[in-house]
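Asks: here you go, sequence then predicted model.
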Amino acid sequence: MRVLVTGGAGFIGSHTADRLLAMGHEVTVLDALVPPVHRGAVPSYVDPRVNFYQGDVRNRDLVANLLKRADAVYHFAAHQDYLPDFARFADVNITSTALIYEIAVAEKLELARVVVASSQAAMGEGLYLCERHGEVVPDMRPESSLAAGQWDIPCPYCGGPLQMQETPERIANPQNAYGMSKYSQEMVALNLGRRYRIPTVALRYSIVQGPRQSVYNAYSGACRIFCLHYMQGMVPTLYEDGQAVRDYVNIDDVVDANVLVLSDERASGRVFNVGGGRPVTTRQFSDVVMAHYGSAEPGKVSGEYRFGDTRHIFSDVSQLRSLGWQPKRGPADSVSAYASWLEGVPDLDGILEEASARMRALGVVRPSGR
């Protein structure tokens, strides 16, 4: 099969391209190689067997030319990280997705599958349970609560405690520009796919961890942040109280899901969570990194918070499990693989300081009253 992978020089895209090549597919990669993920050159890990094109996924002529030579598409190219350029999130992420379907319809292309990369961010704060009011899907925590060090989300109806639940795909309540763009991508892809009979799958990735995750992003990547700290003899900062729950999924498990939905007809027309299958606190993940580097210095709770962070989020992966997929690797596997890869990355000095300064300049990291 001839497969087009947009964003194929990136983290998830490059690993998926490698697997597709190993399976005998012909792979074409389209990537703009823009910062902060890239620094202008094709990464050395990109397999020379791919047909590589540097360009923008909003370039109609270029995308049309590549789609005409493809049987299937993985659409990973996206604008990401914690940035206040809201219009660009919508323009890059939504427009590029709509363009794929517009071209496919106009050119009467018979695509076997389009797989769109969505995100756990589409679910916002996720699903909770109140003893009095049942299921609750809360909105973003107000700044006044965070500034006062009130981390947990109360029931919006009675003010009582909420219990975090595994969040299924039926929940969508994005609270930031990135999440909104990703949920919009889902709607564009799935609805146009159904209408024009283009078999489509949307995958909501949780926090994906492993080798090739860019060291340059200011916001994303707990594995990257913690590993860089311990590698350089420093102690990472844990925001809030270090007890925020996250859902970390290994890159190899993600690729397993990606290749599964390429051919499984049961996946067509649906959205799937792709998560690690277990809830992990920020403290617990930091401790895994600490143990890997043989440190005895745990992450430090600073009393600061990152404005816009979710408190807890944990994806229900039962739908994907029903297709035979399983998350087989845990945080320790991701940390070990990423740390090994990081040893070969040059010029790491100053990256953490640069990212921290950028986050503070943007007002993302803020002090609480605690």
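Replies: Looks like it came in fine.

Asks: going forward, measure contacts and count neighbours with C-alpha atoms only.
Replies: Noted.

Asks: pLDDT of stretch 313-328, averaged?
Replies: Over the span of stretch 313-328, the pLDDT mean works out to 98.

Asks: dihedrals phi and psi, V215?
Replies: For V215, the backbone dihedrals (degrees, to the nearest 10) come out as phi -80, psi 0.

Asks: not counting its neighbours along the chain, what's nearest it?
Replies: The spatial neighbour of V215 that comes closest, neighbours along the chain excluded (C-alpha to C-alpha, 6 or more residues apart in numbering), is R224 at 6.4 Å.

Asks: and the one you found, what's its pLDDT?
Replies: pLDDT, read off for R224, is 93.

Asks: kindly report the same for P331.
Replies: Reported pLDDT for P331: 97.

Asks: ok but A357 is inside a helix, no?
Replies: Yes. Counting by DSSP: H, G, I helix; E, B strand; the rest coil, A357 is part of a helix.

Asks: picking up where we left off before, so what's the residue count around the residue nearest to V215?
Replies: Residues near R224, counting by other C-alpha atoms under 10 Å, number 24.

Asks: host element of it?
Replies: helix 222-231 (DSSP states H and E).

Asks: next one: that helix to chain centre, how far?
Replies: 18 Å (C-alpha atoms, centre = their mean, to the nearest Å).

Asks: next one: stretch 50-65
Replies: That offset, for stretch 50-65, works out to 23 Å (C-alpha atoms, centre = their mean).

Asks: first-to-last residue distance for it?
Replies: The first and final residues of stretch 50-65 sit 16 Å from each other (C-alpha to C-alpha, to the nearest Å).

Asks: and the helix holding R224, what does it pack against?
Replies: Contacting helix 222-231 under the criterion 3 or more C-alpha pairs under 8 Å, 6 or more residues apart in numbering; DSSP states H and E are the following elements: helix 282-292, helix 331-342, helix 351-361.

Asks: next, the buried residues of the last one.
Replies: Same thing as helix 351-361. Within helix 351-361, the residues that qualify as buried are 351-352, 355-356, 358-359, counting by 16 or more other C-alpha atoms under 10 Å.

Asks: next structured bit after the helix holding R224?
Replies: strand 237-238.

Asks: ok, then the element right after that next one?
Replies: Tracing the chain past strand 237-238, the next element assigned as helix or strand by DSSP H and E is strand 245-246.

Asks: per-residue confidence averaged over stretch 190-199?
Replies: Stretch 190-199 comes out with an average pLDDT of 98.

Asks: between the two ends of that stretch, how far is it?
Replies: 8 Å.

Asks: ok, and for that stretch, which residues are buried?
Replies: Here stretch 190-199 shows 190, 192-193, 198-199 as buried, counting by 16+ other C-alpha under 10 Å.

Asks: and the two most separated of the residues you listed?
Replies: Pairwise distances across the buried residues of stretch 190-199 peak at 9.7 Å for L192 and P199 (criterion: C-alpha to C-alpha).

Asks: let's test this: mean pLDDT of stretch 123-136, rounded?
Replies: On average, stretch 123-136 scores 98.

Asks: out of the buried residues of helix 351-361, the closest to E186 would be?
Replies: Nearest to E186 among those, counting by C-alpha to C-alpha, is M359 at 28.6 Å.

Asks: rebuild the helices and strands packed on helix 222-231 as CSV, extending it with distance to L99.
Replies: As requested, the helices and strands packed on helix 222-231 are arranged in CSV below (distance: least, C-alpha to C-alpha, whole Å):
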stretch, distance to L99
helix 282-292, 38
helix 331-342, 34
helix 351-361, 32
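
Asks: so which of these gets nearest V254?
Replies: Short answer: helix 331-342, nearest of these by C-alpha to C-alpha, at 11.8 Å.

Asks: which of the residues in that closest one are buried?
Replies: Neighbour counts over helix 331-342 (16+ other C-alpha under 10 Å) mark 331-339, 342 as buried.

Asks: over to stretch 146-156?
Replies: The neighbour-count check on stretch 146-156 (16+ other C-alpha under 10 Å) flags 146-147, 149-155 as buried.

Asks: hang on, the earlier thing: make JSON lines out of the buried residues of helix 351-361 and add distance to P35 and pLDDT.
Replies: Shown next, in JSON lines, are these (distance: C-alpha to C-alpha, whole Å; pLDDT from 0 to 100):
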{"residue": "I351", "distance to P35": "14", "pLDDT": "87"}
{"residue": "L352", "distance to P35": "16", "pLDDT": "88"}
{"residue": "A355", "distance to P35": "13", "pLDDT": "83"}
{"residue": "S356", "distance to P35": "17", "pLDDT": "84"}
{"residue": "R358", "distance to P35": "14", "pLDDT": "83"}
{"residue": "M359", "distance to P35": "16", "pLDDT": "83"}
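
Asks: could you dump those into a markdown table with distance to K68 added?
Replies: Output for these, formatted as a markdown table (distance: C-alpha to C-alpha, whole Å):
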| residue | distance to K68 |
| --- | --- |
| I351 | 41 |
| L352 | 42 |
| A355 | 40 |
| S356 | 43 |
| R358 | 41 |
| M359 | 41 |
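
Asks: show me what the host helix or strand of V116 is packed up against.
Replies: Under the criterion of DSSP H and E, V116 resides in strand 113-119. Judged by 3+ C-alpha pairs under 8 Å, 6+ apart, the packing partners of strand 113-119 are strand 72-75, helix 177-195, strand 200-205, helix 251-263.
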